[in-house]
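pasting a predicted model and its sequence here:
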Amino acid sequence: MSIFLTPLRTGRFVSQKLNDAVHIAALRKKLRQEPAFLPPYDGPFDVLLNFPDSTINLYQVRQWYGPLEHLAQRLKVGILCYHPETARQISEETSLKIILTPGYIDLSEVEDVLRPKVILYPNQNYANYRILGLESSEHVFICHGESDKIYMASNWIKIFNYFFIAGQASRDRLTRHVRNYDVDDRTIMIGRPQIDIPQPAPFLWDDERTTIIYAPTWEGGRLTMRYGSVASHGVAIVQALVSEKNLRVIYRPHPRTGIYSGDFLSADAEIRRIIASANQTEENASHLVDETPFGWQLTAADLMITDISAVAYDWLTTGKPLLVTEPLEAQVPTPHEGIMTILPKIKASASSSIVSIIESVLHDEVLIKSFSEGADYYYGDRRPGASLQRFTDAIDYVLEEHDRSLPTRDCRHRALSSVSPARPFSASPSRTRGTKARLTAAVKQIKAQTMPVIKSVSSVGRRLLTTTVLTSRTQSLVARSANVAEYHQQSPIVVTAMGNPEDLAPLVDWLPALELANRSERVTIVVGNPHAYRFLRRRTRLRILVGNNATVTESFYSGLAPLLDVHFDQAKLNLREAGHNTMRHVYVGSLRNLEWINNRLRLFDLIIQPPQLPDRMIREALIHFPETIDIVSVGAEDTAPARARAIRDAVEYSSELRQALTWEVGQAR
């Protein structure tokens, strides 16, 4: 039902969100008055873990408490939180220094007070994008567990200075799947330092039962990430296991289970009911729904059943038997290499036969040996203390590199201050003349339309109302865009423009060049909201598609099969789409301002810079900027034809690269 027919429901939704925002603001203000959550003013942090998430994702950072506390014995280490409830919860779980940001998007204290030398990231949350632009720090992806998921070889890993990987398996995975990435230079193998942190079990059993841990992942944020088995396998697996008197079940659901899917939510509830019923009817059953911190289970359990997820690889460090479910959705990419190719897979239809499957695995000596060999391949040296030492050595190496870059950073500031912003390009008067005036008029019009709302509710309320009211209109544009994408020809060039109209001025400057390029190589612009659609629709005849979420845009890119993805700004959702591995990503710089010269440029394969910039400025501005990233200029004459040639040259190179990669894959097969 359209939200225009349900104003009461819309009002309740907005009211609830406003109440939540008020509560968060009040809690933030309260905690910010406590010294425990304020930044210390005694010099820069050596290591800062960035965690912008809510409490539901605390599992991602909890596993790093031990290694970070070990570092904190000799370095200045802290955790940066954006949500006040998250900060309060973490402060109760670790002795590490916790800093709460003054506002969710206010990172001024990070740059001015904390001044971290190294920032660690346990996830690829798009909320990281603001702090990832900080060029004075080294940015390191540590992830929250090893895995053969495509997530672990996403184009997104390029944005970090370094990726602290587990072992050789990760290095091989990145080499195969991430183009234009120097694996040897930008990855450091650290093993799994968590296994060197003692994890005493909170539960002790003195009987002879075999303990099975079933630890499924969640449903994923998009269809191609639906590895979770709760809805397809879970109920039958747990029912069969609790029916055996000699087995004990530890059911460990993912904290995000059911957040998007009602099927997962109801299956999770049924599994909990089955376990509770078994414990009531069977004496000393001691089956467990486990929501404790992860670690002790590696010692307590005898066999694990899980999905294609990071927890499978945590378990792999034990060398004990492991069973993995087969995803039900055909669209989910499954690994064609690594340990997952030799592990027994449990189809949904075979879930009720899990007991006999377990029996066969426990007596398969060849398979048991493969678990140990796989652990060596994924983690390397697993002797006590080896992983933790490699982690601390890697941190020391990056800290030393940061300190060596200080003289270069001073040169960078002098170079940037010597460049003056130029007037926007205007090669096509009929289309681009008065662009700035139209931008100003558009902003004024939006302000005029929302002024009554501005006077009555907070900025949070304005965003909620705008999003809610435009829902039906956006869905209509998305449906129309999907139809266009399906029935029209593919597009070698895609322009990602997920920002709002005020972010699109650099793209507008390049519209004449893109229209020239469109004569030989079809150009499609993908936007993320109706505001941007209407803004660009008035300025160009290029095809524009509207994608309002990751799944929709993923389907667009799949259908368009672009060779080149061009970006003119660094809006958060632009960076999300730059994670796709199947195309080459290009960033086009502007002289409107130079804020785009920041650490986020590592994400791109090619940078087209204005001719007025010195050739080495970008490389000298950023710490250890990769030589694998090409930086080109449109030429001395900054004209529409010259710009179009730069785009076409990038397409031609991308086409040759794709053909070479296709040939290599064919040879490998």
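Noted; the coordinates are in hand. Numbers count the residues shown, from 1 in each chain.

rounded mean pLDDT for stretch 603-611, please.
Model confidence over stretch 603-611 averages 94 on the pLDDT scale.

just stretch 629-637 next, same as before
89.

buried sites along it?
Neighbour-count burial for stretch 629-637, counted by 16 or more other CB atoms under 10 Å, picks out 629, 631, 633-634. Where you see a C-beta, it was placed from the backbone N, CA and C, and this is true even at glycine.

give me the most central residue, the protein.
Using CA atoms, centre = their mean, the residue of the chain that lies closest to the mean C-alpha position is Q124, 2.5 Å off.

right, and it touches Y151 too?
Yes - Q124 is in contact with Y151 according to CB atoms under 8 Å; the separation is 7.0 Å.

let me see the contact set for R602.
With contact taken as CB atoms under 8 Å, 6 or more residues apart in numbering, R602 is in contact with 158-161, 622, 625-626, 629.

gap between the most far-flung residue of the chain relative to its centre and R252?
Relative to the centre of the chain, the most outlying C-alpha is that of E283, 45.3 Å out, by CA atoms, centre = their mean. The gap separating E283 from R252 is 24 Å, by CB to CB, to the nearest Å.

tabulate the contacts of R602 (a markdown table), appending distance to L511 and secondary structure.
Output for the contacts of R602, formatted as a markdown table (distance: CB to CB, whole Å; DSSP: H, G, I helix; E, B strand; the rest coil):
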| residue | distance to L511 | secondary structure |
| --- | --- | --- |
| K158 | 28 | helix |
| I159 | 27 | helix |
| F160 | 33 | coil |
| N161 | 34 | coil |
| L622 | 29 | coil |
| F625 | 29 | coil |
| P626 | 30 | coil |
| I629 | 26 | coil |
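
with these in mind, which one is nearest to G103?
I159 (23.3 Å; CB to CB).

the closest one - nearest residue in space that isn't next to it in sequence?
Computed as CB to CB, 6 or more residues apart in numbering, the closest residue to I159 that is not its neighbour in sequence is L603, at 4.1 Å.

quick check: phi and psi at the one you found.
Main-chain torsions, L603, degrees, to the nearest 10: phi -70, psi -20.

what's the burial count for it?
Residue crowding around L603 was assessed by other CB atoms under 10 Å; the count is 23.

pretty sure P344 contacts V324?
Yes - the pair P344 / V324 is scored as a contact, 7.4 Å apart, by CB under 8 Å.

so which of the two has more stuff around it?
Remark: of P344 and V324, V324 carries more neighbours, 22 against 16, as counted by other CB under 10 Å.

state the helix or strand in which the more buried one lies.
Secondary structure assignment for V324, by DSSP states H and E: strand 322-325.

CA atoms only: put that strand into PDB for me.
Written as PDB, here are the backbone C-alpha positions of strand 322-325 (Å, rounded to 0.1, in the frame of the first residue of the first chain):
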ATOM      1  CA  LEU A 322      34.100 -29.300   9.800                       C
ATOM      2  CA  LEU A 323      30.900 -29.500   7.700                       C
ATOM      3  CA  VAL A 324      29.600 -26.700   5.500                       C
ATOM      4  CA  THR A 325      26.100 -26.100   4.200                       C
END
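
which elements pack onto the helix or strand just after it?
Scanning the chain past strand 322-325 towards its C-terminal end, the next helix or strand to appear is strand 345-346 (assignment: DSSP H and E). Other helices and strands packing on strand 345-346, by 3 or more CB pairs under 8 Å, 6 or more residues apart in numbering; DSSP states H and E, are strand 322-325.

okay, now the sheet partners of the strand it packs on, with direction.
Using DSSP bridges, the strands paired with strand 322-325 in its sheet are strand 303-306 (parallel), strand 345-346 (parallel).

contacts for the helix or strand just after the longest one?
Which is strand 303-306. Sequence-wise, the next helix or strand beyond strand 303-306 is helix 310-316, with elements assigned using DSSP H and E. Surrounding helix 310-316, the residues in contact under the criterion CB under 8 Å, 6+ apart are 143-149, 166, 192, 194, 215, 217, 252, 294, 298, 304, 306, 322, 324, 339-340, 371, 374-375, 378-379.

just the buried residues of these.
Going by neighbour count (16+ other CB under 10 Å), the contacts of helix 310-316 have 143-149, 166, 192, 194, 215, 217, 252, 294, 298, 304, 306, 322, 324, 339-340, 371, 374-375, 378-379 buried.

among those residues, which lie within strands?
Within those, membership in strands is found for 215, 304, 306, 322, 324, as judged by DSSP state E.

show me what contacts the nearest residue to the first one once chain neighbours are set aside?
Leaving aside its chain neighbours, A215 sits nearest to R252 (4.2 Å; criterion: CB to CB, 6+ apart). Taking CB under 8 Å, 6+ apart as the contact definition, R252 lies against 213-215, 289-291, 294, 297, 311.
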